[in-house]
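Student: Build me a structure from this.
(one chain, ligands or ions: 1)
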Amino acid sequence: MSKRINSFFQPLPSKKPKTDPEIASCPATYTHHSNYPIPIRDPPTTISNPLANFSRTTPPKAITDQPHLDILYFQPFLPPSLARDLFRFLRNELPFYRVKYTIRRGPTETSINTPRFTTVFGVDDTSMFIPDPKLDSSDDNSPTVTSSLILASSENRTPLPVSDKKYHYRPRPIPPCLDLLRQAVEASTNDGTKYNFALVNYYATGDDSISYHSDDERFLGPNPTIASISLGGKRDFLLKHKPPTTSDTNGIGNLKPLKFPLDSGDMMIMRGETQSNWLHSVPKRKGGQGTQGRINITFRRAVVPGGTNNYYRYNVGDGEMFRWREAEGRMVAVEKEG
Ligand SMILES: O=C(O)CCC(=O)C(=O)O
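Tutor: Numbers count the residues shown, from 1 in each chain. Next up is the predicted model:
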């Protein structure tokens with residue numbers, strides 16, 4: 001007998017997303033959650049097995065030869081075939097957004113169109129998702145339901161839906177396709193770092209970019225560790241030191257920006273004082289592999305609800321959802337469901 005979701009949330013009706021022909025041959029199962037806009041396909045064994053049994057072969061290079069810089073550079077972290085399959089899978093299966101928002105500087109309000117597709121999953125340390133113990137898909141003939149997750153308060157670990165007042169956007173659990181990668185990343189660095197957020201950027205062309213910024217928000221705590229994985233077309237990742245303070249010049253004003261041409265499968269772990277002292281960006285790019293599309297995944301750990309609200313505001317937002325349409329070779333806006 002098929003076991004069905006029994007959670008505090010009502011499941012959404014099943015809808016099978018379109019898939020890449022190369023991974024369509026595997027029987028598809030989906031993870032459902034009432035906060036997902038669509039059921040999210042579980043990775044086929046060609047992706048889940050190597051991630052579940054992951055052992056990294058190339059040791060990372062430590063980049064610590066600049067003031068306040070502390071980076072581990074895995075070149076590559078994922079083998080090329082796994083990086084290629086994961087790129088196609090994530091582009092096919094995840095919901096994406098092109099977020100618009102306004103910022104106010106003094107009396108002036110400016111509209112911002114995020115110049116890339118984004119999506120995010122996870123919840124900060126004050127809440128947690130727990131698996132539904134009643135659900136065991138081993139004797140489940142249904143190809144569409146594999147798991148259910150309940151959002152629980154971490155204070156007492158009692159499965160309770162988090163009140164709508166706590167979060168402006170309802171948090172989405174990290175789906176298996178990204179959670180297996182998170183676990184592989186955590187196991188490979190072996191330094192005890194645990195992540196609770198996965199932010200995904202899709203740079204469709206060389207015109208998509210992210211401008212210089214640092215991930216030094218207070219909701220990440222002091223000196224956050226951020227793991228950043230690249231898939232798909234090669235793009236330059238630039239780092240430059242923040243302007244020196246008058247008391248601490250130390251030749252910092254003369255430092256040149258650093259450039260890393262990140263290839264598919266590469267991973268950078270930024271840690272220590274990097275975020276508080278350095279800015280990073282992926283500039284627009286003419287020619288090269290920009291037209292191939294690139295996915296970047298960052299794993300982070302947010303410690304307070306402000307992190308959750310911020311990440312969903314700027315990576316999901318309130319606008320339309322986009323899905324990859326293989327036949328057209330582009331992201332297409334789809335109507336909101338439910
Ligand atoms: O795409 C990248 O490599 C960088 C992404 C990034 O800086 C971010 O998401 O904050």
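Student: and residue 185, that's in a helix?
Tutor: Yes - per DSSP: H, G, I helix; E, B strand; the rest coil, residue 185 lies within a helix segment.
Student: The closest residue to residue 30 other than its chain neighbours: neighbour count?
Tutor: Excluding the flanking residues, the one nearest residue 30 by Cβ to Cβ, 6 or more residues apart in numbering is residue 39, at 3.8 Å. (Each C-beta comes from the backbone N, C-alpha and C, glycine too.) Look at residue 39: counted by other Cβ atoms under 10 Å, it has 24 neighbours.
Student: Surely residue 39 is in contact with residue 31?
Tutor: Yes - counting by Cβ atoms under 8 Å, residue 39 does reach residue 31; the two are 6.6 Å apart.
Student: picking up where we left off before, would you quantify the distance from the residue nearest to residue 30 to the ligand?
Tutor: From residue 39 across to the ligand, the span is 25 Å (Cβ to the nearest ligand atom, to the nearest Å).
Student: Would you quantify the distance from the nearest residue to residue 320 once chain neighbours are set aside to residue 323?
Tutor: Sequence neighbours aside, residue 333 is the residue nearest to residue 320 in space, at 4.5 Å (criterion: Cβ to Cβ, 6+ apart). Applying Cβ to Cβ, to the nearest Å, the value for residue 333 to residue 323 is 8 Å.
Student: Tell me which of those two has more neighbours.
Tutor: Each of residue 333 and residue 323 has its neighbours counted (other Cβ under 10 Å); residue 323 has more, 18 against 13.
Student: Shouldn't the more buried one be within a strand?
Tutor: Yes - note on residue 323: a strand contains this position according to three-state DSSP.
Student: list the contacts for the nearest residue to it once chain neighbours are set aside?
Tutor: Excluding the flanking residues, the one nearest residue 323 by Cβ to Cβ, 6+ apart is residue 334, at 5.3 Å. Applying Cβ atoms under 8 Å, 6 or more residues apart in numbering to residue 334 gives the contacts 320-323.
Student: Pull out the buried members of those residues.
Tutor: 321-323 (16 or more other Cβ atoms under 10 Å).
Student: ok, the residues you listed vs residue 278, which is closest?
Tutor: Nearest to residue 278 among the buried ones among the contacts of residue 334, counting by Cβ to Cβ, is residue 322 at 31.1 Å.
Student: Next one: whichever residue of the stretch 51-200 of the chain sits closest to the ligand from residue 322, what distance?
Tutor: For the stretch 51-200 of the chain, the residue closest to the ligand is residue 199, as judged by Cβ to the nearest ligand atom, at 5.3 Å. As judged by Cβ to Cβ, residue 199 and residue 322 stand 16 Å apart.
Student: phi, psi of residue 119?
Tutor: The phi/psi pair for residue 119 (degrees, to the nearest 10) reads phi -160, psi 160.
Student: so it sits right up against residue 91, yeah?
Tutor: No - under the criterion of Cβ under 8 Å, residue 119 makes no contact with residue 91, lying 10.9 Å away.
Student: Look up how far residue 308 lies from the residue nearest to residue 30.
Tutor: 22 Å.
Student: Helix, strand, or coil at the closest residue in space to residue 312 that isn't next to it in sequence?
Tutor: The shortest distance from residue 312 to any non-neighbouring residue, by Cβ to Cβ, 6+ apart, is to residue 169 (3.4 Å). Here residue 169 is coil, with the state taken from three-state DSSP.
Student: for the residue nearest to residue 320, what are its contacts?
Tutor: Shown in contact with residue 333 (Cβ under 8 Å, 6+ apart): 320-322.
Student: check the residues you listed against the ligand, which are close?
Tutor: Restricting these to those touching the ligand (Cβ under 6 Å from any ligand atom) yields no residues.
Student: Taking the chain, what residue is nearest to the ligand?
Tutor: Nearest residue of the chain to the ligand, counting by Cβ to the nearest ligand atom: residue 296, 3.2 Å away.
Student: Check the contact between that residue and residue 208; I expect there is one.
Tutor: No - counting by Cβ under 8 Å, residue 208 is not a contact partner of residue 296; they are 10.6 Å apart.
Student: Now do the contacts for the residue lying closest to residue 204 once chain neighbours are set aside.
Tutor: Once flanking residues are discounted, residue 204 sits nearest to residue 293: 5.6 Å by Cβ to Cβ, 6+ apart. Going by Cβ under 8 Å, 6+ apart, residue 293 touches 87, 91, 202-205, 232-233.
Student: and if you look at residue 230?
Tutor: Residue 230 sits next to 237, 262-267, 294-296 when contact means Cβ under 8 Å, 6+ apart.
Student: Can I take it that it is in a strand?
Tutor: Yes - counting by three-state DSSP, residue 230 is part of a strand.
Student: Format the CA atom coordinates belonging to the worst-scoring helix or strand of the chain on mean pLDDT as CSV.
Tutor: Among the helical and strand segments of the chain, the one scoring lowest on mean pLDDT, DSSP states H and E is strand 149-153, with a mean of 78. Output in CSV follows, covering the C-alpha atoms of strand 149-153 (Å, rounded to 0.1, in the frame of the first residue of the first chain):
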residue,chain,number,x,y,z
LEU,A,149,9.5,17.2,5.9
ILE,A,150,8.1,19.1,8.9
LEU,A,151,9.5,22.4,10.0
ALA,A,152,10.1,22.2,13.7
SER,A,153,11.3,24.5,16.4
